[in-house]
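Undergrad: Sharing a model that was predicted from the sequence below.
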Amino acid sequence: MIKTIICVVFLILMVVTIIPLGFLTLLLYLSGLRRAGTYFIHRMAQIYSGFLMALIGCRITAAGRENIPAKGGVCFVSNHNSIVDIILLYRYCIRPFGFVAKKELLKVPLFNIWVIALGGLFIDRNNPRNALKTIKTGIKRIQSGGSMLIFPEGSRSRGRGLLPFRPGSLKLATQSDAVIVPVAITGTYEIFEKNKRACAGPLSITFCPPVHTADIPLADRKQALSDRIHGIIREELERKGFGREEIRTPDIHGVNVAL
């Protein structure tokens, strides 16, 4: 319990510090140093994430970072176990990236500033027109050489294994001709959400070999590509000991890009 309280206090302090950090990032943007501002806030997120993982006492195995392209548009596609996934991704991803979050998070004070500062986008899944605008914004970012993250299962699995990908989940990648880097994460559900307290445990994150959507025929960019990426992540999870009986085979193809 004491560890949980310490971690919560640290999280509160981390969220509060976005005010001066966000102001500094804005100054860099206004000075024409957008890239410097982006890398600065990403680096701060890496530091905070690493410190939080150390506080919890996690034993982390990270692999495949050499598979992340050094430049060009990239779409990271990851399985989604818990809220800890995003912290782990910021700790070990070598490139700044934004992510698509549900619009309800826009109402969370200070946290919403973090999402915006990190290049995140908010999507209204109940408003198709506004959702499409959000997706188009993400596509433009990737086409301009940026990176975005999507969780194609559409919601956290919470220990239920790899869920099916929802229809349209890979639009950010397919419509921007992005390089897709599949990501397989294990252990994050047990760290906090399972017992509602901070628990030390083993975590792993693997960045799998990239898939170039530009090389895939248009006819195969929906169902076939979705199945392919799902299969890559599933195989990596199985290799780490998550057996077939723990991983759900997709019964629907494709997922909206919201977290």
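TA: Cool, the structure landed. Computed from a predicted structure; not experimentally measured.
Undergrad: where does the stretch 1-150 of the chain dip in pLDDT?
TA: Counting by pLDDT under 70, the stretch 1-150 of the chain has no low-confidence residues at all.
Undergrad: how about the strands in it?
TA: 59-63, 74-78, 98-102, 121-123, 147-150 (DSSP state E, counting those that start in this stretch).
Undergrad: Of all those, which one comes closest to residue 162?
TA: Closest approach to residue 162 among the strands of the stretch 1-150 of the chain is made by strand 74-78 (10.7 Å; CB to CB). C-beta here means a position set from N, CA and C on the backbone, and glycine is covered the same way.
Undergrad: Quick check: which helices or strands does the closest one pack against?
TA: Secondary-structure packing of strand 74-78 (3 or more CB pairs under 8 Å, 6 or more residues apart in numbering; DSSP states H and E): helix 84-92, strand 147-150, helix 171-174, strand 179-186, helix 223-239.
Undergrad: As PDB, could you dump the C-alpha coordinates of the first one?
TA: Once non-C-alpha atoms are left out, helix 84-92 reads as follows in PDB (Å, rounded to 0.1, in the frame of the first residue of the first chain):
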ATOM      1  CA  VAL A  84       0.600   1.000 -17.900                       C
ATOM      2  CA  ASP A  85       1.200   0.100 -21.600                       C
ATOM      3  CA  ILE A  86       1.500   3.800 -22.600                       C
ATOM      4  CA  ILE A  87       4.000   4.400 -19.800                       C
ATOM      5  CA  LEU A  88       6.100   1.400 -21.000                       C
ATOM      6  CA  LEU A  89       5.900   2.600 -24.600                       C
ATOM      7  CA  TYR A  90       7.100   6.100 -23.800                       C
ATOM      8  CA  ARG A  91      10.000   4.600 -21.700                       C
ATOM      9  CA  TYR A  92      11.400   2.400 -24.500                       C
END
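Undergrad: now for that helix, which elements pack on it?
TA: helix 34-56, strand 59-63, strand 74-78, strand 179-186, helix 188-191, strand 202-207.
Undergrad: now the angle between strand 179-186 and it, please.
TA: Interaxial angle of helix 84-92 relative to strand 179-186 (axes from the mean of the first three to the mean of the last three CA atoms, to 10 degrees): 120 degrees.
Undergrad: now swap in the last one and tell me
TA: Angle between the axes of helix 223-239 and strand 179-186 is 30 degrees (criterion: the same axes, to 10 degrees).
Undergrad: Now do the buried residues in helix 223-239.
TA: 225-227, 229-230, 232-234, 236-237 (16 or more other CB atoms under 10 Å).
Undergrad: do stretch 62-80 as well
TA: For stretch 62-80, a neighbour-count test (16+ other CB under 10 Å) marks 64, 68, 73-80 as buried.
Undergrad: Could you point out which of these is nearest to residue 30?
TA: Of all the buried residues of stretch 62-80, residue 30 sits closest to residue 73, with 24.9 Å by CB to CB.
Undergrad: and the residue lying closest to that closest one once chain neighbours are set aside, how many residues sit next to it?
TA: Distances taken as CB to CB, 6 or more residues apart in numbering place residue 142 nearest to residue 73, at 3.8 Å, with adjacent residues excluded. Number of residues near residue 142 (other CB atoms under 10 Å) recorded here: 23.
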